[in-house]
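Engineer: Below are the sequence and a predicted model; questions follow.
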Amino acid sequence: MLILSGAGDRIQLSLTGAALDVHVTWVDTASGVITPGRLNQSATPGFTTVCPTPPASTQRNAKSIHIRNKDVTDATFTLQHTDGVTTIDLFGMVLPFGRGFQYTDQGGFRVL
């Protein structure tokens with residue numbers, strides 16, 4: 001489970017090489033109200049926020065992160081959690097063309 005609960009909390013990709021397709025799903029909880037959310041995007045070299053900071057007084061549970069390299073070159077990425085001050089690496093790898101990676105809150109990290 002990846003919980004985002006602070007004003008600066010977010011999950012990001014540090015990426016070199018090819019661009020990657022990213023799909024992220026989450027569930028927000030605020031005062032007992034549960035609201036699902038998702039984001040589709042293309043991550044380019046550099047830093048890309050893949051699961052944004054939740055609204056104030058909200059906890060965000062990242063349910064799944066799906067990444068696919070559709071480019072013809074390899075991509076090196078590191079999935080990171082930051083609170084806006086401290087950044088930690090959660091998972092990193094070289095992702096060859098056509099390969100995928102996923103995180104699910106039930107299954108953890110997995111290369112496809």
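Structural biologist: Great, that's in hand.

Engineer: Please report how far the spatially most central residue of the chain lies from V72.
Structural biologist: The residue lying closest to the centre of the chain (CA atoms, centre = their mean) is V50, at 4.3 Å. Distance of V50 to V72, computed by CB to CB, to the nearest Å: 22 Å. Where you see a C-beta, it was placed from the backbone N, CA and C, and this is true even at glycine.

Engineer: can you check P52 too?
Structural biologist: Counting by CB to CB, the gap from P52 to V72 is 30 Å.

Engineer: quick one, which of those two is more surrounded?
Structural biologist: P52 (16 against 8; other CB atoms under 10 Å).

Engineer: Tell me which residues touch that one, please.
Structural biologist: Going by CB atoms under 8 Å, 6 or more residues apart in numbering, P52 touches 10, 39.

Engineer: again with Q59
Structural biologist: For Q59, the contact set (CB under 8 Å, 6+ apart) comprises 3-5, 28-30.

Engineer: Try it again at 7 Å.
Structural biologist: Q59 makes contacts with 3, 5, 29, as judged by CB atoms under 7 Å, 6 or more residues apart in numbering.

Engineer: Show me where the protein has its strands.
Structural biologist: Per DSSP state E, the chain carries strands over the ranges 2-4, 10-17, 20-30, 33-43, 46-51, 59-68, 75-82, 87-95, 100-104, 108-111.

Engineer: Format those as TSV; extra columns: mean pLDDT.
Structural biologist: Listed next are these as TSV, based on pLDDT from 0 to 100:
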stretch	mean pLDDT
strand 2-4	96
strand 10-17	96
strand 20-30	97
strand 33-43	97
strand 46-51	96
strand 59-68	98
strand 75-82	97
strand 87-95	97
strand 100-104	96
strand 108-111	94
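
Engineer: my guess is L79 contacts I88, does it?
Structural biologist: No: look at L79 against I88 with CB atoms under 7 Å: they stay out of range, at 10.2 Å.

Engineer: neighbour-wise, which of these two wins?
Structural biologist: L79 (23 against 8).
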